[in-house]
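**Q** need a structure here:
(chains A and B)
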Amino acid sequence: MIRKLSWIIAFLLLIVVLVLVQTFNPNLFKRNVNDALKAAQQNTVSVQELSNINGDYTIIEFDEDRRFNNSVYIPFNELTQKENKEKLAELKGAVLLYSKDISTSSKAWVILNQLGFDSVFILSEEENPEVLNYKFRPDPTIRPE
Amino acid sequence: MNARIKISVLLVGVGFILAFLPFNAAKTFKVKPGELVELAAASDMYFTVDEVARFMNNEDTTVQLIDLRSEVEYMKSNIPGSINIPFDDLLNPNWEGYLNQKKVRNIYYSNGNETANLAWTIATGLGYKNSFVMKGGLNEWYKLVMLSKFEGERITPRENALFENRYKARRTFTEINSLPDSLKMQYLEARRLEESQLDGGCE
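**A** Residues are numbered from 1 along each chain as shown, chains lettered A, B, ... in the order given. Predicted coordinates:
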């Protein structure tokens, strides 16, 4: 009887293998995207605030010419390589992502968040990089047509 | 063996596997990490403020500007033609029709570079095509477009075209954003209706 059912058993085993591969594949994002939105509320630390940080932290720089001493350089396009993920996983304390262009560290932050890294922050030159530095002054002479 | 028994065994087996699958109702990234890094490292995910100003001046319908700031900030001033999808509300299913589509290029902007790039990475990670960022955000827009002025005695044709583009964009920006709130709301409603009609939907 088992011989007669062999193709069905083989098919079911194939499904089980595929499910296991999908479940334990380290090269996939598995975190809920909502986590990134929630964590993004408090994900920025300014350079001025560095001295106030209690505990260990490591600065990860994405630019070749470094801004900080004792920082770790990881080229952005190699961020998800196995050795870099292992390097990040071994770090103790907060991980601060820095690039001259905050766009790069912002994109890296989402990627690391979704790969399951916690205590990761964007290190910004400005105290609040999302403040509008200009004020719009309406033109009072404008009349709708 | 009876075919019915075989099918039954197959179905029971699949059901058994499904029953033990880890349940995950969470929304997760569709794009693989390596691919997402590759897309994020490409410079073609950005538009300059001058390019956005040209899209606005030409009323380019292949472009949709998405303002990621709060509603209060958006109502104070925004780039005409943009829609407001606050970053905190990005995953609201109501916006999926705007974000997950292949017809127009979505250009995200905020005040600076941070929020727009966060939103771009989330949208692209979710597999939403046609996502872009306005480099520099509204701060760059104000610096280059709103405060642009010509200095010097001679102007090259290229400089002249650039200045005209910025000047026209500045005028439209000022005109629309100077409207009283009630009229601004009417303008935004009219645009929303126009978009839903273009999309084949209804009000």
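
**Q** in chain A, what spans have low per-residue confidence?
**A** Along chain A, segments meeting pLDDT under 70 span A:1-2, A:22-26, A:142-145.

**Q** what do you get if the cut-off is 90, keeping everything else the same?
**A** Within chain A, the ranges that satisfy pLDDT under 90 run A:1-30, A:51-55, A:70, A:137-145.

**Q** in it, which spans are strands?
**A** Taking DSSP state E, the strands of chain A run over residues A:44-46, A:57-61, A:72-73, A:94-98, A:120-124.

**Q** lowest-pLDDT helix or strand in chain B?
**A** Among the helices and strands of chain B, helix B:181-198 carries the lowest confidence by mean pLDDT, DSSP states H and E, at a mean of 72.

**Q** Please identify the buried residues of stretch B:84-94?
**A** Buried positions in stretch B:84-94, judged by neighbour count with 16 or more other CB atoms under 10 Å in any protein chain shown: B:84-87, B:90-91. No exception for glycine: its C-beta is placed from N, CA and C like everyone else's.

**Q** What about chain A: which of these touch it?
**A** B:87, B:90-91 (CB under 8 Å from any CB of the partner chain).

**Q** okay if I get those residues as JSON lines plus pLDDT?
**A** Shown next, in JSON lines, are those (pLDDT from 0 to 100):
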{"residue": "B:F87", "pLDDT": "98"}
{"residue": "B:L90", "pLDDT": "97"}
{"residue": "B:L91", "pLDDT": "95"}
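
**Q** Can you redo those residues as TSV, where the extra columns are secondary structure?
**A** Below are these laid out as TSV (DSSP: H, G, I helix; E, B strand; the rest coil):
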residue	secondary structure
B:F87	helix
B:L90	coil
B:L91	coil
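
**Q** Which one of those residues is nearest to B:V133?
**A** Nearest to B:V133, judged by CB to CB, of those is B:F87 at 12.7 Å.

**Q** What residues does that closest one make contact with?
**A** Contact analysis of B:F87 by CB atoms under 8 Å, 6 or more residues apart in numbering or on different chains lists A:37, A:40, B:68-69, B:110, B:115, B:118-119.

**Q** Rebuild those as TSV, extending it with secondary structure, distance to A:K82 and neighbour count.
**A** Compiled in TSV, these are given as follows (DSSP: H, G, I helix; E, B strand; the rest coil; distance: CB to CB, whole Å; neighbours: other CB atoms under 10 Å in any protein chain shown):
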residue	secondary structure	distance to A:K82	neighbour count
A:L37	helix	28	19
A:A40	helix	26	22
B:L68	coil	33	26
B:R69	coil	38	25
B:S110	coil	33	26
B:T115	helix	30	24
B:L118	helix	25	27
B:A119	helix	28	26
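
**Q** can you put the strands of chain A in a markdown table and add distance to B:V52 and mean neighbour count?
**A** Shown next, in a markdown table, are these (distance: least, CB to CB, whole Å; neighbours: other CB atoms under 10 Å in any protein chain shown):
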| stretch | distance to B:V52 | mean neighbour count |
| --- | --- | --- |
| strand A:44-46 | 25 | 19 |
| strand A:57-61 | 30 | 20 |
| strand A:72-73 | 33 | 14 |
| strand A:94-98 | 27 | 23 |
| strand A:120-124 | 24 | 24 |
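
**Q** closest one to A:V17 among those strands?
**A** strand A:120-124 (33.4 Å).

**Q** Extract the C-alpha trace of that closest one and format it as PDB.
**A** The C-alpha coordinates for strand A:120-124 follow below in PDB (Å, rounded to 0.1, in the frame of the first residue of the first chain):
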ATOM      1  CA  VAL A 120      19.700  50.500  15.700                       C
ATOM      2  CA  PHE A 121      19.600  54.300  15.300                       C
ATOM      3  CA  ILE A 122      20.300  56.800  12.600                       C
ATOM      4  CA  LEU A 123      23.100  59.200  13.600                       C
ATOM      5  CA  SER A 124      22.300  62.700  12.300                       C
END
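
**Q** contacts for stretch B:151-158?
**A** For stretch B:151-158, the surrounding residues in contact (CB under 8 Å, 6+ apart) are B:F163.

**Q** now the helices for chain A?
**A** Ranges of helices in chain A, per DSSP state H, are A:6-24, A:33-39, A:82-90, A:102-114.

**Q** and among those helices, the most buried is which?
**A** Comparing those by mean neighbour count (mean count of other CB atoms under 10 Å in any protein chain shown), helix A:102-114 ranks first with a mean of 25.

**Q** the inter-axis angle of that one versus strand A:94-98?
**A** 150 degrees (axes from the mean of the first three to the mean of the last three CA atoms, to 10 degrees).

**Q** Could you see whether chain B lies near helix A:102-114?
**A** Yes. Under the criterion of CB under 8 Å from any CB, chain B is reached by helix A:102-114 at A:102-103, A:106-107, A:109-111, A:114.

**Q** Same question for stretch A:84-95.
**A** No. Stretch A:84-95 lies apart from chain B when judged by CB under 8 Å from any CB; the minimum separation is 8.8 Å.

**Q** quick one: terminal-to-terminal distance for that stretch?
**A** 13 Å (CA to CA, to the nearest Å).

**Q** picking up where we left off before, got the residues of helix A:102-114 next to chain B as CSV, with distance to B:V9 columns?
**A** Output for the residues of helix A:102-114 next to chain B, formatted as CSV (distance: CB to CB, whole Å):
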residue, distance to B:V9
A:I102, 58
A:S103, 55
A:S106, 52
A:K107, 49
A:W109, 49
A:V110, 45
A:I111, 44
A:Q114, 39
